[in-house]
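Engineer: Sequence and predicted structure, then a few things I'm wondering about:
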Amino acid sequence: MLYSQQQKWLHLLELMGTDHVRNSWQERKYKQIQERIYSIQQALQRIERLSFGECIECNQPISLQRLSRLPTAPRCFDCQQKHEQQLPAVSQLK
Ligand SMILES: [Zn+2]
């Protein structure tokens, strides 16, 4: 089947589009993995400093329920919520 010049360009743009989407997906995934590794490293440091299980903001113990669900949690539930409210919205990060 012969492509017209226009169809060729459209096909090329389509390919570039999917490639771009795939790359940004990989980038997001890569960032998620990096953040995960960072939070594990931070938790290991807190174990070494014997402060594991203490909130890094208020120094109060993090609930066992929270730690069993999220062992790398650096903050208690209340401080985590406050922390997330202070973060800029994702749309503003770019
Ligand atoms: Zn706290």
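Structural biologist: Great, that's in hand.
Engineer: In terms of pLDDT, where does the residue nearest the centre of the chain sit?
Structural biologist: Centroid-nearest residue in the chain: residue 32, 3.8 Å away (criterion: C-alpha atoms, centre = their mean). Looking at residue 32, its pLDDT reads 94.
Engineer: Residue 30 is in what secondary structure piece?
Structural biologist: helix 5-48 (DSSP states H and E).
Engineer: Tell me the first helix or strand C-terminal of that helix.
Structural biologist: Proceeding N to C from helix 5-48, the next assigned helix or strand is helix 64-69, under DSSP H and E.
Engineer: Give me the below-cutoff pLDDT ranges for the protein.
Structural biologist: 1-3, 16, 18-22, 89-94 (pLDDT under 70).
Engineer: For it, what lies in contact range of the ion?
Structural biologist: Residues of the chain that fall close to the ion, judged by C-beta under 5 Å from the ion: 55, 57-58, 76, 79. Yep, even glycine has a C-beta here, placed from its N, CA and C like the rest.
Engineer: thinking again about what came up before, how much space between the residue nearest to the centre of the chain and the ion?
Structural biologist: 24 Å (C-beta to the ion, to the nearest Å).
Engineer: re earlier: from the middle of its chain, how far away would the helix holding residue 30 be?
Structural biologist: 11 Å (C-alpha atoms, centre = their mean, to the nearest Å).
Engineer: follow-up on the earlier one: pipe the residues of the chain next to the ion into JSON lines and attach distance to residue 86 per row.
Structural biologist: Listed next are the residues of the chain next to the ion as JSON lines, based on distance: C-beta to C-beta, whole Å:
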{"residue": "55", "distance to residue 86": "15"}
{"residue": "57", "distance to residue 86": "11"}
{"residue": "58", "distance to residue 86": "15"}
{"residue": "76", "distance to residue 86": "15"}
{"residue": "79", "distance to residue 86": "11"}
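Engineer: quick one: which two of the residues you listed are the most distant?
Structural biologist: Farthest pair in these (C-beta to C-beta) is 57 and 76. Separation: 7.5 Å.
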